[in-house]
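**Student:** Here is my input, please return the structure:
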Amino acid sequence: MSLDSHLQTILALHFHPRHGAPYWLEREKRLGFSVRERVQTIDDLALLGPMDLDALCRYPVDAFIPTKFTGRPIICAETGGATGTPKSTAWFEEDLQHAFVQPFLQITRLMREKWPKDGHWLWLGPGGPHVIGKVAHRIAQETTGCDAFSVDFDPRWFRRLNAGSVAATRYRQHVLDQGIRILNQQNIRYLFVTPAVLTPLIGQMTPESRERIRFIYLGGMPVSEQDLALYRQQFPAAESLCGYGNTLFGVCHQGSGEELCYYPASERHVVQVVTLDEQMTDAERLRTPVAYGERGQVVMHRLTESAFLANVMERDSGTRIAGERDGVANPVPCERIPFVVKEGIY
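**Tutor:** Here you go, the predicted model:
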């Protein structure tokens, strides 16, 4: 299905006058026009204006699900709180698989043919309400038939601690200690981890445990070329893959042979890059994409049955790149956005 055809299918669901999503039907009344009539292409989504992310804090997740699906099982998730109050969303299992798990399985298919038959995953990241933990355990089951080992990990508590404080240092070491214990005890060959945890973990791992690692999946926060060079040096037997995305949207993966260029896997997830011109309003900037090869603010759209999230103006800037679907290169926290990003361990 073409991108615009898929968009029409999703709009017909979420804006159906009797069975649509309560939030979007209410929003349509305030807009004063028929969204299904006016929005024909991805570029037309700018007519809706920037996504009100605070709505994801105020409304229950059911408000974003078409009432047609009332009673259908959902997977609840919340963001990590890097930009303030956590936002809530819901995923149907099929949507979650297409957003996170299946793209990983597809892009790693040839890599996995070389993986040893034994060994386990270690997930060094948050569980609880964080969707990435749910994804980590699904990936482990799909690739090894076993659940992932994991640690207690609370990124929200870490962000409440003063940077560089004794408390922050002790909490980071608490996470590392748990990881080291598992690495020393279990046959861990695959790591799913954030760069902020993996880098200090290296110095506490034995050479034997580092040589045992065959694959490293990096996500949760930005990674640099310097990080990747360090990991290649310290984990000589390991291949790696970086993911870029979030709880609300899904994940984009590195393109083949490219270091930090990320592309969405399907028409369910769309990435755009718009101008950072401070003389424009956010609504105006949504209508002003940058040229290929230029940097701007990342905008994401989630076009799924479980949620329609349009014009989510992300905290990152990146370079617009072309591919089968537009992608983004070298995303980093954006200085221009009107909120403070508090980095942590996820």
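**Student:** per-residue confidence at the residue nearest to Leu31 when sequence neighbours are not counted?
**Tutor:** Take Leu31 and drop its neighbours on the chain: the residue closest to it by Cβ to Cβ, 6 or more residues apart in numbering is Leu48, 6.9 Å away. Every residue, glycine included, has its C-beta placed from N, CA and C. As predicted, Leu48 sits at a pLDDT of 98.
**Student:** pLDDT at Arg138, what is it?
**Tutor:** What the model reports for Arg138 is a pLDDT of 98.
**Student:** Can you tell me the SS state at the closest residue to it other than its chain neighbours?
**Tutor:** Nearest non-adjacent residue to Arg138, counting by Cβ to Cβ, 6+ apart: Val101, 5.1 Å away. Put simply, Val101 is helix when judged by DSSP: H, G, I helix; E, B strand; the rest coil.
**Student:** Distance from the lengthiest strand in the chain to the middle of the chain?
**Tutor:** Longest strand of the chain, by residue count under DSSP state E: strand 308-321. Its chain's C-alpha centre lies 12 Å from the corresponding centre of strand 308-321 when counted by Cα atoms, centre = their mean, to the nearest Å.
**Student:** Next: stretch 210-221.
**Tutor:** Centre-to-centre, stretch 210-221 and its host chain are 17 Å apart (Cα atoms, centre = their mean).
**Student:** can you check stretch 237-248 too?
**Tutor:** 9 Å.
**Student:** If you count neighbours, what's buried in that stretch?
**Tutor:** Using 16 or more other Cβ atoms under 10 Å as the test for burial, stretch 237-248 gives 238-248.
**Student:** Tell me the one of those nearest Val273?
**Tutor:** Nearest to Val273 among the buried residues of stretch 237-248: Tyr244, at 12.8 Å, using Cβ to Cβ.
**Student:** and the closest residue in space to the closest one that isn't next to it in sequence, helix, strand or coil?
**Tutor:** Leaving aside its chain neighbours, Tyr244 sits nearest to Tyr262 (4.2 Å; criterion: Cβ to Cβ, 6+ apart). Per three-state DSSP, the secondary structure class of Tyr262 is strand.
**Student:** Show the contacting residues for Tyr262.
**Tutor:** The neighbours of Tyr262, taking Cβ atoms under 8 Å, 6 or more residues apart in numbering as the test, are 242-244, 252-255, 271, 327-329, 331.
**Student:** Dump the buried residues of stretch 237-248 to TSV, plus distance to Cys146.
**Tutor:** As requested, the buried residues of stretch 237-248 are exported to TSV (distance: Cβ to Cβ, whole Å):
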residue	distance to Cys146
Ala238	19
Glu239	20
Ser240	21
Leu241	20
Cys242	24
Gly243	21
Tyr244	27
Gly245	25
Asn246	27
Thr247	25
Leu248	29
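**Student:** can you count the residues close to Gln84?
**Tutor:** To be clear, residue 84 is Gly; Gln isn't right here. Other residues near Gly84 come to 14 when the count uses other Cβ atoms under 10 Å.
**Student:** now Asn311
**Tutor:** Counted with other Cβ under 10 Å, residues neighbouring Asn311 total 20.
**Student:** That one contacts Pro50, correct?
**Tutor:** Yes - checked against Cβ atoms under 8 Å, the pair Asn311 and Pro50 is within contact range at 5.2 Å.
**Student:** got any residues that touch both of those two?
**Tutor:** Both Asn311 and Pro50 are contacted by Leu286, under the criterion Cβ under 8 Å, 6+ apart.
**Student:** Stretch 162-173 - what's its average pLDDT?
**Tutor:** Averaging pLDDT along stretch 162-173 gives 95.
**Student:** Start the count at 22 instead of 1 going forward.
**Tutor:** Renumbered: residue one is now 22, and that last one reads stretch 183-194.
**Student:** List every C-alpha atom in it, with coordinates, as PDB.
**Tutor:** Provided in PDB are the C-alpha atoms of stretch 183-194 (Å, rounded to 0.1, in the frame of the first residue of the first chain):
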ATOM      1  CA  ASN A 183      21.600  16.000  40.700                       C
ATOM      2  CA  ALA A 184      24.000  15.400  37.800                       C
ATOM      3  CA  GLY A 185      27.400  14.300  39.200                       C
ATOM      4  CA  SER A 186      26.100  13.900  42.700                       C
ATOM      5  CA  VAL A 187      27.000  11.000  45.000                       C
ATOM      6  CA  ALA A 188      23.400   9.700  44.700                       C
ATOM      7  CA  ALA A 189      23.600   9.700  40.900                       C
ATOM      8  CA  THR A 190      27.000   8.000  40.900                       C
ATOM      9  CA  ARG A 191      25.700   5.300  43.300                       C
ATOM     10  CA  TYR A 192      22.600   4.700  41.300                       C
ATOM     11  CA  ARG A 193      24.600   4.300  38.000                       C
ATOM     12  CA  GLN A 194      26.900   1.900  39.800                       C
END
